[in-house]
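A.B. asks: Below is the sequence, then the predicted model.
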Amino acid sequence: MVNIYLVGFMGAGKTSVGQRLARHLGARFLDLDHELSEDFDCSISEVFENSGEAVFRAAEADMLRKLSAKEGLVVATGGGAFSTDGNRRIIEESGGISVFLDLPWDVLRRRLEGDNNDRPVYQSAEQARRLLEERLP
């Protein structure tokens, strides 16, 4: 089975959907942010705070490369992972399938306002809406 990569904005449900999809397919589920958090031995917010976004994004690309060499995975990517050309190329060149979880802004906003723990790029609903508009293309 080729790898399936769930992509979408923060709060889109990539982890929840990914866990259910993996169970349904009998595949292994991995959350990219969780894997990175374990590698850094701290939360994603702490990585951003201590090392910066550039270090995090480089590690994210490295982890995607490692995962793309495996088979039979359902991977929940981070909210910004697919907005990087290099990351999209890694997924495409590996033969992986990307599935975009596209939710209306009102649903995303409610989810983010209710649970914005460890979302280092979330500052406010207004800022998140701008970020979503930047990433959508």
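C.D. replies: Good, I have the coordinates.

A.B. asks: what about the longest helix in the protein?
C.D. replies: Ordering each helix of the chain by length in residues (DSSP state H) puts helix 53-68 first.

A.B. asks: Counting by contacts, list what that one packs against.
C.D. replies: Here helix 53-68 touches helix 32-40, helix 44-51, helix 85-93, going by 3 or more C-beta pairs under 8 Å, 6 or more residues apart in numbering; DSSP states H and E. Heads up, the C-betas are built off the backbone N, CA and C, glycines and all.

A.B. asks: Kindly calculate the angle that that helix makes with helix 85-93.
C.D. replies: 0 degrees (axes from the mean of the first three to the mean of the last three C-alpha atoms, to 10 degrees).

A.B. asks: same question for helix 53-68, mean pLDDT?
C.D. replies: The pLDDT scores in helix 53-68 average 96.

A.B. asks: Phe82 and Arg88 touch, don't they?
C.D. replies: Yes - using C-beta atoms under 8 Å, Phe82 is in contact with Arg88, at 6.0 Å.

A.B. asks: Show the contacting residues for the spatially most central residue of the chain.
C.D. replies: The residue lying closest to the centre of the chain (C-alpha atoms, centre = their mean) is Gly78, at 1.6 Å. Taking C-beta atoms under 8 Å, 6 or more residues apart in numbering, we find Gly78 in contact with Met10, Leu32, Asp33, Leu36, Ile44, Glu60.

A.B. asks: Was I right to think the fourth one contacts Phe48?
C.D. replies: No - at 11.0 Å, Leu36 does not count as touching Phe48 under the criterion of C-beta under 8 Å.

A.B. asks: Now do the shared contacts for those two.
C.D. replies: Contact criterion C-beta under 8 Å, 6+ apart; residues shared by Leu36 and Phe48: Phe56.

A.B. asks: Start and end of stretch 77-85, how far apart?
C.D. replies: The first residue of stretch 77-85 is 14 Å away from its last residue (C-alpha to C-alpha, to the nearest Å).

A.B. asks: and stretch 59-70, which residues are buried?
C.D. replies: Neighbour counts over stretch 59-70 (16 or more other C-beta atoms under 10 Å) mark Ala59, Glu60, Ala61, Met63, Leu64, Leu67, Ser68 as buried.
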